[in-house]
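Undergrad: With the sequence up front, the predicted model follows.
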Amino acid sequence: MISLTDSQKIGMGLTGFGVFFLFFGMMLFFDKALLAIGNILFVAGLSFVIGLERTFRFFFQRHKAKATSFFLGGIFVVLIGWPIIGVVLEIYGFFLLFRGFFPVAVGFIRRVPVLGSLLSLPGIRTMVDKIGESNAMV
């Protein structure tokens, strides 16, 4: 089992609440207050989990400049009051930032008993194979 420090535990909680508020804000027709709270909690939680320096290095790498600008720009657009446009920008930036992680996640989910059989269904399998194999989602 992985042992977590106290700050990492706080970060996991903040990240979880951030994802919850983002999801709940989208379910309530893009409520800008909930989306703003979710964005702030998500980024703060990520900083607590991996540390401020590593968070800064992750977001501000030269080859991730486009992805970071879309993601952080989307957060800014949500904060100024245009939630739908901001969420679209955030989602695009999120996929660009974490595209290298998707093959690992798909491989892990395929080993989970119920989810693995669900991903093996004919229509879903072709889509998941494309997501899992592609590293160039431009």
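TA: Yep, it's here.
Undergrad: Which residue lies nearest the spatial centre of this structure?
TA: The residue lying closest to the centre of the chain (Cα atoms, centre = their mean) is Phe94, at 5.4 Å.
Undergrad: State the distance from it to Val43.
TA: Look at Phe94 and Val43: by Cβ to Cβ, to the nearest Å, they are 12 Å apart. Heads up, the C-betas are built off the backbone N, CA and C, glycines and all.
Undergrad: Tell me the spacing between the residue of the chain positioned farthest from its centre and Ala105.
TA: Ranked by distance from the centre of the chain (Cα atoms, centre = their mean), the top residue is Pro122, with 26.6 Å. Going from Pro122 to Ala105 by Cβ to Cβ gives 21 Å.
Undergrad: what does Leu89 give?
TA: 22 Å.
Undergrad: Mind splitting this protein into its structural domains?
TA: Domain ranges of the chain: 1-99, 100-137, per the TED database.
Undergrad: Could you dump these into TSV and include mean pLDDT?
TA: Shown next, in TSV, are those (pLDDT from 0 to 100):
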stretch	mean pLDDT
domain 1-99	94
domain 100-137	80
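Undergrad: Look up the closest residue to Phe71, ignoring the ones flanking it.
TA: Gly93 (3.0 Å; Cβ to Cβ, 6 or more residues apart in numbering).
Undergrad: Just list the residues touching Ala33, thanks.
TA: Ala33 sits next to Gly25 when contact means Cβ atoms under 8 Å, 6 or more residues apart in numbering.
Undergrad: go again using 6 Å as the cut-off
TA: Not one residue lies near Ala33 by Cβ atoms under 6 Å, 6 or more residues apart in numbering.
Undergrad: What are the buried residues along whichever strand or helix holds it?
TA: Counting by DSSP states H and E, the element that carries Ala33 is helix 32-50. By neighbour count on 16 or more other Cβ atoms under 10 Å, the buried set for helix 32-50 is 32, 34-49.
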